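*Asks:* The following block contains a protein sequence and its predicted model.
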Amino acid sequence: MKSSKIIVILILSSLLTLPIIMTVQAKETFTYSSKGKRDPFVPLIGDAYVLSNMEELELSELVLEGVIHDPQNVSYALINGKTLEVGHIVGGFKIVRIFEGGVVVEKEGNQNTLKIKTKENEPGDGRDSNKKGGKKSAS
């Protein structure tokens, strides 16, 4: 009689836990897509600063408004109203170099030079495109 009670208890306990086990196994999996979203673990200020990383811009949408060039310290570029340094990213373009009168940006291995518009270079749009891996000298 004792052994039959133990068998009944084991059968009942297994029947009670079976729905719980099946529910855990049947759970839907969720995959998070980070495409177009900022990495929450990257600081907003510092070497990894990203401006409008969620918004990809075309080269023609970048407007170089000013440059503070200091070869012995940190140089700054004013692009689309934002103050940026070398290493910062704006619209998917990484700032590679800041020089007097211009900025070199890179996207997908292509480097391009943005120049501040002056009366001398006014006929152009202030942008020089370079081929992949190539460098164009500032004139």
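*Replies:* Yep, that arrived.
*Asks:* Extract the residue ranges of this protein that are flagged as low pLDDT.
*Replies:* Scanning the chain for pLDDT under 70 picks out 1, 18-27, 42-54, 119-139.
*Asks:* which parts of the helix or strand residue 113 falls within are buried?
*Replies:* Residue 113 belongs to strand 110-115 when elements are defined using DSSP states H and E. By neighbour count with 16 or more other C-beta atoms under 10 Å, strand 110-115 contains the buried residues 111, 112, 113, 114, 115. (C-beta placed from N, C-alpha, C; glycine too.)
*Asks:* swap in stretch 85-105?
*Replies:* Neighbour counts over stretch 85-105 (16+ other C-beta under 10 Å) mark 86, 88-93, 95, 98, 102-105 as buried.
*Asks:* Span of it from start to end?
*Replies:* Using C-alpha to C-alpha, to the nearest Å, one end of stretch 85-105 lies 11 Å from the other.
*Asks:* Quickly run through the sheet partners of the strand holding residue 113, with directions.
*Replies:* strand 102-107 (antiparallel), strand 127-129 (antiparallel) (DSSP bridges).
*Asks:* From what I see, residue 113 and residue 101 are in contact.
*Replies:* No - counting by C-beta atoms under 8 Å, residue 113 does not reach residue 101; the two are 9.9 Å apart.
*Asks:* all strands of this protein, in order?
*Replies:* Taking DSSP state E to define them, one finds strands in the chain at 50-51, 64-68, 76-79, 82-84, 89-90, 93-99, 102-107, 110-115, 127-129.
*Asks:* okay if I get those as CSV plus distance to residue 30?
*Replies:* Compiled in CSV, these are given as follows (distance: least, C-beta to C-beta, whole Å):
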stretch, distance to residue 30
strand 50-51, 26
strand 64-68, 43
strand 76-79, 37
strand 82-84, 35
strand 89-90, 29
strand 93-99, 32
strand 102-107, 32
strand 110-115, 36
strand 127-129, 42
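*Asks:* Ok, which of these comes nearest residue 39?
*Replies:* strand 50-51 (8.3 Å; C-beta to C-beta).
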